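*Asks:* Next input, structure requested:
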Amino acid sequence: MSSYGSKLQLAFVFLGLVAVGVTGWLSSVTAANALRDATYERLTAVAETKRREVERYLQGAANHVLALSSDESAIRALEEFERAWAAVPPLPPAQHEPLRRLYAGLPLHWYPEDPRTQTLQTLFLANNPHPENSRHQLVDAPGAGKYSEVHARFHPTLDRYQSAFGFYDTLLIGARDSRVLYTVAKEIDLAVSLRDPPYNTASLARLTERALELQKPETHVVEDYEPYLPSKSAPAAFFGAPVWRNGAKIGVLVIQISADELNRAMTSEGRWREEGLGRTGQAYIVGPDKRLRSNLRFADKPAMLNVIVPREIAASIQSGERDTHLGHDFRGVPVLRSHTPLAIAGLNWTLIAEIEASEALKPVGDLRLKVLLWGVAIGLVIFGVATLLARSVTKPVLALSQNANRIGRGDFDARIPVKGNDELGQLAASFNQMAEDLRRTTVSKEELETLAGRLISSQEDERTRIARELHDDLSERLAGTAIEIGRLERSDPNQREQLGNLKDQVVELSEDIQELSRRLHDSSLDDTGLVTAVEAQCQRFFEKGGPPVAFTTEGEFETINHDVQLALFRIVQEALRNVQKHSGADDVSIRLRRTPFHVDLEVRDNGCGFDLRHRRWHRGVGLASMKERANLLGGRCTIESKPAEGARIVVSMPLS
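*Replies:* The predicted structure follows:
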């Protein structure tokens, strides 16, 4: 017994430790790859989010400059400022002393020579009662003649427009001599000619010249960030569009964007962790000159235009790649990085998101340590359990051997105590029954057949259980198979095409399984919330051949109960599925609205519709499931439709 028990004990311990070791190693490797992939995906998502935010902001500036340049009030303002400029009365030289103090410390050739320029700058800059950064609050400055009246009439509207959209400055420039006839911010470029030094080499002068060369309305030009003299040499970018009157260009309307506005569009220090960049991650923009267009997270002073990116980053951008990879940051620290180009006409920018590799992969080291500690603990537990199990197995076997010897000697009264209903207990009972049958010198063939049938049934049940368990890890095995096929494909050029086709089939099968899993349970709802999950569902609906979905929201949905979010999401899924399968619509809209007491969902399409009075629609599982989901949470679901008039689904869910 001792020899058999020791072997059984060692076998259990060996198999247990092998299982723990292999599982731990595979878990570590899989976790490292999965974590690296997840980090790349997160960085890519951050980069894409930032890209859309910056593109939205800059495209908004382009749209605003086009809209404002074609607005009748802006056109009239430019015309009247042009006429008013010609009639500005010069101030006596003695009244220019405040302006001379304003220019103190600046190069002498910066001081304006035109008396009218001196007058306007004295009244609106030097004598402005408001602080330097609040000069725009001055509406009227008596002494400038007709110019003061025009300024008082148009300035409040332009000032409100600029404040509403967060621009740094709005300028009106005349076409005749490229003169800055009006500026909201009231800096020293007011009333100067951009054709005269030192302004003739500034980016604003280049933008004005390019805008006046445009031949078509509804077009604009943009100048990248560079230091701008009137703004104390701070980085400034400009969007400009020509102002047309009766087919002729009468001037240029310009919007100035400061570096602070772009950095706010990128992020703020308090949001880095929320955006998935942790303690060491950051996102920044690189221009075509390989200089930064936004500040770094850990820089002691503003880095915009002052820092050239390392060669490694510049080479990656120059290659035109759009990917994720391992590299080094400005300090030479290893980082995981993702970069993507920005689609802004006239600006060749690249947005980069990165995070230190040590932070991104730290959970892998923690996992390996935990696996080691758990392996030791599990090994000790397995040893103890194996000892008890070996004893529990060998003791009944020994008793069975002893009683079998007794029966062999003709003692048919030998019996084994039945303890429990497990296999050993059943074996003891079977032995006792055999002894009883032998004692009666008869054995029933039917009983043997019944017992054999039970054994076969138990065997089949066990095979079914094992088959089900094997099916559970099918996706992982398929992934392993695809990897192995890829390795063989690289090592055997002669079979590359066949192995490539086989790998594609395996990958396609794995993707089908993943797609089925995603249809059964979409994890994006748990990860990103209701609004993002619905946006993703609309995108997948469009990618599968459906029409674009107009999705709008009102209110905040992050704090809504998860059951309510899940119900609304499933209703949207079912509604889009019905549109794709039955409606034939080319116009679909989804609207989410939250009120203090409930949240409303409306799904509308212009498809073929259906007759609600028809019995087959009441038997449909999809429509019934929508109503049932709403009813379970105390809400209501109303379905409206008529043939050839589309369908409308309205859901109202209480928040309490």
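
*Asks:* which residue ranges form the helices in the stretch 101-250 of the chain?
*Replies:* 115-121, 146-165, 203-213 (DSSP state H, counting those that start in this stretch).

*Asks:* What helices and strands are in contact with the second one?
*Replies:* What that stands for is helix 146-165. Where contact means 3 or more Cβ pairs under 8 Å, 6 or more residues apart in numbering; DSSP states H and E, helix 146-165 is packed against helix 2-69, helix 72-86, strand 169-174, strand 180-183. For the C-beta atoms, the positions are set from N, CA and C on the backbone; glycine is no exception.

*Asks:* Partner strands of the last one, with direction?
*Replies:* By that I understand strand 180-183. Neighbouring strands of strand 180-183 in its sheet, by DSSP bridges, are strand 169-174 (antiparallel).

*Asks:* Give me the buried positions along the partner strand.
*Replies:* Within strand 169-174, the residues scored as buried using 16 or more other Cβ atoms under 10 Å are Asp169, Thr170, Leu171, Leu172, Ile173, Gly174.

*Asks:* Those residues: which two are farthest apart?
*Replies:* Asp169 and Gly174 (16.7 Å; Cβ to Cβ).

*Asks:* Would you reformat the helices of the stretch 101-250 of the chain as a markdown table and include distance to Ala62 and mean pLDDT?
*Replies:* Below are these laid out as a markdown table (distance: least, Cβ to Cβ, whole Å; pLDDT from 0 to 100):
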| stretch | distance to Ala62 | mean pLDDT |
| --- | --- | --- |
| helix 115-121 | 29 | 95 |
| helix 146-165 | 12 | 93 |
| helix 203-213 | 13 | 96 |
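
*Asks:* Out of the ones you listed, which is the most enclosed?
*Replies:* Ranked by mean neighbour count, the helices of the stretch 101-250 of the chain are led by helix 115-121 with a mean of 23 (mean count of other Cβ atoms under 10 Å).

*Asks:* Please enumerate the strands of the stretch 551-656 of the chain.
*Replies:* 588-594, 598-605, 636-641, 647-654 (DSSP state E, counting those that start in this stretch).

*Asks:* can you put the ones you listed in TSV and add distance to Arg135, mean neighbour count and mean pLDDT?
*Replies:* Shown next, in TSV, are the strands of the stretch 551-656 of the chain (distance: least, Cβ to Cβ, whole Å; neighbours: other Cβ atoms under 10 Å; pLDDT from 0 to 100):
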stretch	distance to Arg135	mean neighbour count	mean pLDDT
strand 588-594	42	19	93
strand 598-605	46	21	93
strand 636-641	57	16	90
strand 647-654	52	20	93
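
*Asks:* want to try a markdown table for these, with distance to Leu361 as columns?
*Replies:* As requested, these are exported to a markdown table (distance: least, Cβ to Cβ, whole Å):
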| stretch | distance to Leu361 |
| --- | --- |
| strand 588-594 | 38 |
| strand 598-605 | 40 |
| strand 636-641 | 47 |
| strand 647-654 | 42 |
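
*Asks:* Ok, which of those comes nearest Glu226?
*Replies:* Glu226 sits nearest to strand 588-594 of all these, at 43.3 Å, using Cβ to Cβ.

*Asks:* How about the secondary structure of the residue lying closest to Ser27 once chain neighbours are set aside?
*Replies:* Nearest residue to Ser27, sequence neighbours excluded (Cβ to Cβ, 6 or more residues apart in numbering): Val371, at 6.4 Å. Of the three states, Val371 takes helix under DSSP: H, G, I helix; E, B strand; the rest coil.

*Asks:* what sits against Val371?
*Replies:* Residues near Val371 by Cβ atoms under 8 Å, 6 or more residues apart in numbering: Gly24, Ser27, Ser28.

*Asks:* let's see it at 10 Å
*Replies:* Val20, Gly21, Thr23, Gly24, Trp25, Ser27, Ser28, Ala31, Ile378 (Cβ atoms under 10 Å, 6 or more residues apart in numbering).

*Asks:* out of these, what pair is the most spread apart?
*Replies:* Ala31 and Ile378 (18.1 Å).

*Asks:* re earlier: let's see the pLDDT reported for the residue nearest to Ser27.
*Replies:* Model confidence at Val371, given as pLDDT, is 71.

*Asks:* Could you save the helices of the stretch 101-250 of the chain as JSON lines and add columns showing distance to Pro131?
*Replies:* JSON lines is the format used below for these (distance: least, Cβ to Cβ, whole Å):
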{"stretch": "helix 115-121", "distance to Pro131": "17"}
{"stretch": "helix 146-165", "distance to Pro131": "16"}
{"stretch": "helix 203-213", "distance to Pro131": "24"}
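
*Asks:* out of those helices, which comes closest to Val603?
*Replies:* Of all those, helix 146-165 comes closest under Cβ to Cβ, at 32.9 Å.

*Asks:* Taking helix 72-86 as reference, get the angle to that closest one.
*Replies:* Interaxial angle, helix 146-165 versus helix 72-86 (axes from the mean of the first three to the mean of the last three Cα atoms, to 10 degrees): 140 degrees.

*Asks:* please renumber so the chain begins at 170
*Replies:* New numbering, starting at 170: the last item is helix 315-334.

*Asks:* Report the angle between helix 315-334 and helix 171-238.
*Replies:* Going by the same axes, to 10 degrees, helix 315-334 makes 160 degrees with helix 171-238.

*Asks:* got the contact list for Pro300?
*Replies:* Counted by Cβ under 10 Å, 6+ apart, Pro300 has contacts Gln306.

*Asks:* mind checking pLDDT for the closest residue to Arg269 other than its chain neighbours?
*Replies:* Excluding the flanking residues, the one nearest Arg269 by Cβ to Cβ, 6+ apart is Tyr280, at 7.4 Å. Turning to Tyr280, the model gives it a pLDDT of 94.

*Asks:* what's the answer for Asp206, then?
*Replies:* At Asp206, pLDDT is 76.

*Asks:* State the number of residues packed around it.
*Replies:* Asp206: 11 surrounding residues under other Cβ atoms under 10 Å.

*Asks:* same question, Gly515
*Replies:* 15.

*Asks:* pLDDT below threshold where in the stretch 670-819 of the chain?
*Replies:* The model of the stretch 670-819 of the chain has pLDDT under 70 over residues 672, 675-677, 679-693, 784-790.
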